[in-house]
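Visitor: Quick one, fold the following:
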Amino acid sequence: METATISYRVADFLKKYPPFQAMAEQDLLDLAGRGRVRFYERYEHILSQGEPHKHQIFVIQQGVVALWDEVNGVFELRDVRGPGDMLGVERFNGAPFSLYAARSSADVVIYAFPADEFETLLEKYPSAKQFVSAYSAVTLDHQTADERRRPEDVFLHDVVKAKRLVTCRPQDSIRDVAQAMRANGVDALAVVDADRRTRGVVTASDLLAWLADGDGTRDEPVERVLTPPVALAADTSVTDGVLTMSAAGAAALAITADGTPTGEIHALVTAADLASVFGDQPVSIIRDVHRASNTSELRALNHRARALVLDYLTNAHAVDWLRRFTTLVDDAIATRLIALAHSTRFARSGQAGGPSSDASCWAVCGSSGRGESLTRLAPELVLVADGSSDSMALYQRVVDLLGECDYLPRHDDTFDRHFFAAGPGEWRQRYKSWVEQPILNQTHAARAFFDLRPLERAHPLWRELDAAITAAIDRDFLQIMANDCVARLPPLTFFQDAVVDDMGEESQLFQLERNAVTPLVDVARVYGMAAGRVLGGSTPERFAMARTLLPQHQALFREAADTFSIVLWQQGRIGIRQGTSGAELPPSLLSRHDRQVLKSGFRVILELIQLTAGWSWLEAL
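Guide: Below is the predicted model:
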């Protein structure tokens, strides 16, 4: 590689692959001019495990290199690398020596470059450094090339900092307040006392409802109309503001000095104010769901919500707020469908109304129960009711209506549809048998039911069920659940456009749900149970509990939570784009950076499973 012609040829090769794609051509030419070509025959050692780092880093030009790890005298395959992949870069991530032995699996040609010069380029190009870091650790920083904005980084105050706050007093008349709104061109107004503490918020819709209901005159004090304030601090992110407003069904948010309803008010944020940040209005989507009169409207809103999610699902950081948003949307649609099914049912029967609110408890389980469903996969509904044929018919009707809203059907054949609707006593008995005899009753197949979450918060039937199950959990049950986690292992690596398992077998389809999402979910569920929260809770929340339970493993649980965000990001963006659940996908849809980050995540998942299935952690509790 001493001639200019060869340098150009090497630089042209490097430009095809990260991290070199981010580097200027002259820098690549300079690096290529200092490089050397090395040839290795099949089964020849390139690097030895534990040896000091060489003065070069290596880029595979052609051929296949296998990385092996010696564990207790046995060599285990850790990775398979091909053209464009690198060797020896772990030094830049803090490794004091070669972590694995590298051996050629075929005739291999490698470019060797001075390590110090490559390190200088990493400092010059942050995106290149980010890619190299993915060789050793899970990172959330990578983002897709089409990223335009990150609302999770925008503060609420930034949205309304130029907007004047209009206030009134509680004793002001409704007429005067309406005139003040029109004069100032606002659709919300803060009601404050003499110390500027917020008493409430009045919106244009509040005044319209007052007029429509005809409950009084326009000269009555506005305190008859105001609604309690939903308050947040000025440095709250726009995404948290959207989720808070949507969950509370509020038309406006009060920004106060301390983020509490009694604090001094600084500004009001309405759904219209948020339109400047979002292409669509998340709050209006959920509001329109509650007002929808048929499944055609709900179908359109379902598609609007997923389009918004895809628009902002540009990195793993966005997963947290978007999964919470889709949970609000799916819960709202399911709740609206239940109401529509009830109204249709009683209209046909000629009855005046429906059952009391305590007569039945609607809940969701699985990914819906954990609040982790980004795609259009149908919410997995559960009905705790009297168990009559009438309740079963209602359940089936609601599930059918979900299909009319263009949700994707679930294809889990373990339990038929009738199983998901039963009386409280039947559900208690099921959980009792799952906990007391988990092997005989195949509790591993019923794990999704331990993610149960009611659509109506703190429903009495759900509280009773939760208390009974929590009391039944013991150490023996936790050991069996922990041991079951080894049933789903992550892949070993990606090679070209195939995914490789720990036996070296290749597949053209990456089972993302089965081999990446499910292992993380199953392990996190075990630690949630160990922490005393059996039903409900998201996977990130359960990993947070694990950090409290086992502080000596905090770093691993943090990496596990990051890995979960990454796999959910990939599942969401590919599943929504393709109109699937994202449960499986061809590796060709993943960029080299995506694959490298996922490979680091696979190692985290395996380490997590080994820790959990080992049981020794239980002794530390």
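
Visitor: for the protein, which spans come out with low pLDDT?
Guide: Within the chain, the ranges that satisfy pLDDT under 70 run 1-4, 139-149, 213-217, 276, 344-358, 387-389, 413.

Visitor: how deep is residue 530 tucked in, by neighbour count?
Guide: Residue 530 sits with 23 neighbouring residues when counted by other C-beta atoms under 10 Å. (C-beta placed from N, C-alpha, C; glycine too.)

Visitor: now swap in residue 24 and tell me
Guide: By the measure other C-beta under 10 Å, the count of residues near residue 24 is 11.

Visitor: Kindly export the helix or strand harbouring residue 394 (C-alpha atoms) in CSV.
Guide: Using DSSP states H and E, residue 394 sits in helix 389-404. Coordinates of each C-alpha in helix 389-404 appear next as CSV, following Å, rounded to 0.1, in the frame of the first residue of the first chain:
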residue,chain,number,x,y,z
SER,A,389,-72.4,-16.3,28.3
ASP,A,390,-73.6,-12.7,28.1
SER,A,391,-70.2,-11.4,29.3
MET,A,392,-68.4,-13.7,26.9
ALA,A,393,-70.5,-12.4,24.0
LEU,A,394,-69.7,-8.8,25.1
TYR,A,395,-66.0,-9.7,25.2
GLN,A,396,-66.0,-11.2,21.8
ARG,A,397,-67.9,-8.2,20.4
VAL,A,398,-65.2,-5.8,21.7
VAL,A,399,-62.4,-7.9,20.3
ASP,A,400,-64.2,-7.9,16.9
LEU,A,401,-64.5,-4.1,17.1
LEU,A,402,-60.7,-3.9,17.7
GLY,A,403,-60.3,-5.7,14.3
GLU,A,404,-62.6,-3.1,12.7
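
Visitor: Next secondary structure element downstream of it?
Guide: Using DSSP H and E, the next helix or strand after helix 389-404 towards the C-terminus is strand 421-422.

Visitor: So in that sheet, which strands flank that next one, and in what orientation?
Guide: Strand 421-422 pairs in its sheet with strand 380-384 (parallel), by DSSP bridges.

Visitor: can you state the direction angle for the partner strand and helix 389-404?
Guide: In terms of direction (axes from the mean of the first three to the mean of the last three C-alpha atoms, to 10 degrees), strand 380-384 departs from helix 389-404 by 160 degrees.

Visitor: any idea how far residue 238 is from residue 435?
Guide: To residue 238, residue 435 is 43 Å away according to C-beta to C-beta, to the nearest Å.

Visitor: Equivalent analysis for residue 103, please.
Guide: From residue 103 to residue 238 the distance is 51 Å (C-beta to C-beta).

Visitor: higher neighbour count, the two?
Guide: residue 238 (25 against 20).

Visitor: Contacts only, for residue 35.
Guide: By C-beta atoms under 8 Å, 6 or more residues apart in numbering, the contact list for residue 35 reads 1, 10, 111-114.

Visitor: next one: residue 252
Guide: Counted by C-beta under 8 Å, 6+ apart, residue 252 has contacts 188, 201, 203, 230, 245, 268-270.

Visitor: Out of the residues you listed, the closest to residue 583 would be?
Guide: The shortest gap between residue 583 and any of the contacts of residue 252 belongs to residue 245, at 32.1 Å (C-beta to C-beta).

Visitor: is it true that the closest one touches residue 230?
Guide: Yes: here residue 245 lies in contact with residue 230, judged by C-beta atoms under 8 Å, at a distance of 6.8 Å.

Visitor: My read is that residue 441 contacts residue 432, right?
Guide: No: Residue 441 is beyond contact range of residue 432, at 9.7 Å (criterion: C-beta under 8 Å).

Visitor: Just the contacts of residue 35: which are in strands?
Guide: With DSSP state E as the criterion, strands contain 111-114 from among the contacts of residue 35.
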